[in-house]
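Q: my questions are about this predicted structure, shown below with the sequence.
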Amino acid sequence: MGTIKIVIYQNRNKKSKNYKQFYGRVKHHSLIEPAVLCAHAAQDSGIEEAKVAIVFEGVLKQMKEQLCLGHPIILDEMGTFKIGVTSEGVTAEDVQRRYPQYDPETDDIRQYLSARQVKGAHLLFRPSTEVKTLLRSIKFDTDKTEWASLLAIEKSNGKTEKP
């Protein structure tokens, strides 16, 4: 596949149990705008770029609409998108306080629960097998130029802490 540059960073959160440990992060490049994707797709498919852009916008609009209606979206070679929610847990005691008629021995607690427990929605993505295989084939290389420049700045500021 390709090679992705990794930048080394240090956890500087003093509250973290991993304080001062070093980690790698992907060095991201510039964002790819939809117009650029459409230009590449037009070149790959032989279809006019403007037509690809119209179809692309339509597909994105439909994906958003269908996701918000609760439909998972599967893109065969990419994976599946679906809406997930964050919700508040409720105990039988909570239900008993709110609904005195609730009897834990005879009532199904689910009839007393509601969508009010939902605190927010988020987008979930599960990659396809093909994408997982591609991810396993990526090679990584450390971008030492950025780290070297950070060390030079720290030395010039009087910090002598070694990584």
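A: Yes, it's here. Numbers count the residues shown, from 1 in each chain.
Q: okay, strands next: where are they in this protein?
A: 3-10, 22-26, 73-75, 79-87, 118-127, 139-142 (DSSP state E).
Q: separation between residue 138 and residue 4?
A: When distance is defined by Cβ to Cβ, to the nearest Å, residue 138 is 6 Å away from residue 4. C-beta here means a position set from N, CA and C on the backbone, and glycine is covered the same way.
Q: the more surrounded of those two?
A: Neighbours of residue 138 and residue 4, each counted by other Cβ atoms under 10 Å, are more numerous for residue 4; the result is 14 against 11.
Q: the more buried one and residue 77, how far apart?
A: Applying Cβ to Cβ to residue 4 and residue 77 gives a distance of 20 Å.
Q: thinking again about what came up before, format the strands of the chain as TSV; extra columns: distance to residue 36 and mean pLDDT.
A: Putting those into TSV (distance: least, Cβ to Cβ, whole Å; pLDDT from 0 to 100) gives the following:
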stretch	distance to residue 36	mean pLDDT
strand 3-10	19	87
strand 22-26	19	89
strand 73-75	19	96
strand 79-87	21	96
strand 118-127	21	95
strand 139-142	24	90
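Q: would you turn those strands into a markdown table with distance to residue 156?
A: Listed next are those as a markdown table, based on distance: least, Cβ to Cβ, whole Å:
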| stretch | distance to residue 156 |
| --- | --- |
| strand 3-10 | 18 |
| strand 22-26 | 21 |
| strand 73-75 | 49 |
| strand 79-87 | 45 |
| strand 118-127 | 43 |
| strand 139-142 | 23 |
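Q: per-domain residue ranges of this protein.
A: Using automatic domain parsing, the domain parsing of the chain gives 1-27+143-163, 72-137.
Q: now do the same contact list for residue 10.
A: For residue 10, the residues meeting the contact criterion (Cβ atoms under 8 Å, 6 or more residues apart in numbering) are 20-23, 163.
Q: drop anything exposed from those.
A: In terms of neighbour count (16 or more other Cβ atoms under 10 Å), there are no buried residues within the contacts of residue 10.
Q: can I get those residues in a markdown table with distance to residue 124?
A: Output for the contacts of residue 10, formatted as a markdown table (distance: Cβ to Cβ, whole Å):
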| residue | distance to residue 124 |
| --- | --- |
| 20 | 33 |
| 21 | 29 |
| 22 | 30 |
| 23 | 25 |
| 163 | 36 |
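Q: what's the closest of the residues you listed to residue 110?
A: Here the nearest of the contacts of residue 10 to residue 110, counting by Cβ to Cβ, is residue 23; it sits at 42.3 Å.
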